[in-house]
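1. Could you look at this predicted model? Sequence included:
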Amino acid sequence: MRLTIALVIGLAAVPAAAQRAPLTKLLDKVPSLLGSGPKQPSITMPATPVIVGLTTAADHTLATDAATYDLGGFRLGMSEAEAEAVAKGRGLTTKAVTRYVDFETQVRSAINMRGGAAGVPTKRGVLGEATLVDDAGGRYMLKTLVWPDGAHLSSIVYLAPQGTAAADWRRMLVEKWGKPREEQTGDTFTARWGGVGSGFHASASLGPRGGTVEIAQPDGTRQQPGKLVEQAADGFIAARARKPTL
């Protein structure tokens, strides 16, 4: 795969336009400016909840459950390694990658910002976003959420190339996901799947000029890893706090 990489530390992205390297673990290879540094305080990390479509990928598709859908081989909840295996297996070209700091770094930073002593954030990198191109000229836009055990796919968008009729797009998607709960077909095929009960949903708006297909997690999902960060920070500070006397 040919890559153009952007490294992200915190909220700052550092472009590296000429750099080429594997999609995973690139930031981890950057040597620490502090060497081995002092021993880091131990922090108890919460377990990652095992939820299909959030932190683990389904092994087959159910037409009634958008959490299980695949788009180009990618599924919601896939780990970074699983997403890379799909991209490599399909021979997709990676155009851009953004990496986020890992869960432990977020926890240590949260503790330090609250006046605790959590040591130096490690700033190890995990996959944040990626843009991949297929041999038809379509683009996959992947986004992740960072959980205690690493990054997992939270959004999969396909930017479709031109040249395929709306009826053909409909046939392909109905064969993959079943009949949509809402649809309209004319010059453009517009449809929605899922969204009832679990909140996982898929949508499409496609025609001869291209369009988009998307699989996404329920609204509000992005808050869940952040709550686990705060939970870990709260536990660390509480365990070391001196109890007041009133």
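-> Looks like it came in fine.

2. make it CA atoms for all contacts and neighbour counts henceforth
-> Noted.

3. So in this protein, which strand runs the longest?
-> In terms of residue count, the longest strand belonging to the chain (DSSP state E) is strand 150-160.

4. For that one, name the packing helices and strands.
-> Contacting strand 150-160 under the criterion 3 or more CA pairs under 8 Å, 6 or more residues apart in numbering; DSSP states H and E are the following elements: strand 74-75, helix 80-90, strand 125-133, strand 139-147, strand 210-216.

5. repeat that for 7 Å
-> In this structure, strand 150-160 makes packing contacts with strand 125-133, strand 139-147, strand 210-216, judged by 3 or more CA pairs under 7 Å, 6 or more residues apart in numbering; DSSP states H and E.

6. Low-confidence bits of the chain, can you list those?
-> Low-confidence segments of the chain, defined by pLDDT under 70, span residues 1-38.

7. quick one, helices of it?
-> 80-90, 103-113, 166-177, 223-240 (DSSP state H).

8. Hey, what's the angle from the last one to strand 139-147? Just curious.
-> I take that to be helix 223-240. 20 degrees (axes from the mean of the first three to the mean of the last three CA atoms, to 10 degrees).

9. roughly how far is the longest strand of the chain from the heart of the chain?
-> 6 Å (CA atoms, centre = their mean, to the nearest Å).

10. got the CA coordinates for it in PDB?
-> Below are the C-alpha coordinates for strand 150-160, written out as PDB (Å, rounded to 0.1, in the frame of the first residue of the first chain):
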ATOM      1  CA  GLY A 150      -7.200   0.200  20.900                       C
ATOM      2  CA  ALA A 151      -9.000   1.800  18.000                       C
ATOM      3  CA  HIS A 152     -12.200   0.400  16.500                       C
ATOM      4  CA  LEU A 153     -14.100   1.400  13.300                       C
ATOM      5  CA  SER A 154     -17.000   3.800  14.100                       C
ATOM      6  CA  SER A 155     -17.900   5.100  10.700                       C
ATOM      7  CA  ILE A 156     -17.400   3.700   7.200                       C
ATOM      8  CA  VAL A 157     -18.200   5.900   4.200                       C
ATOM      9  CA  TYR A 158     -17.800   5.000   0.500                       C
ATOM     10  CA  LEU A 159     -17.500   7.900  -2.000                       C
ATOM     11  CA  ALA A 160     -18.700   6.100  -5.100                       C
END
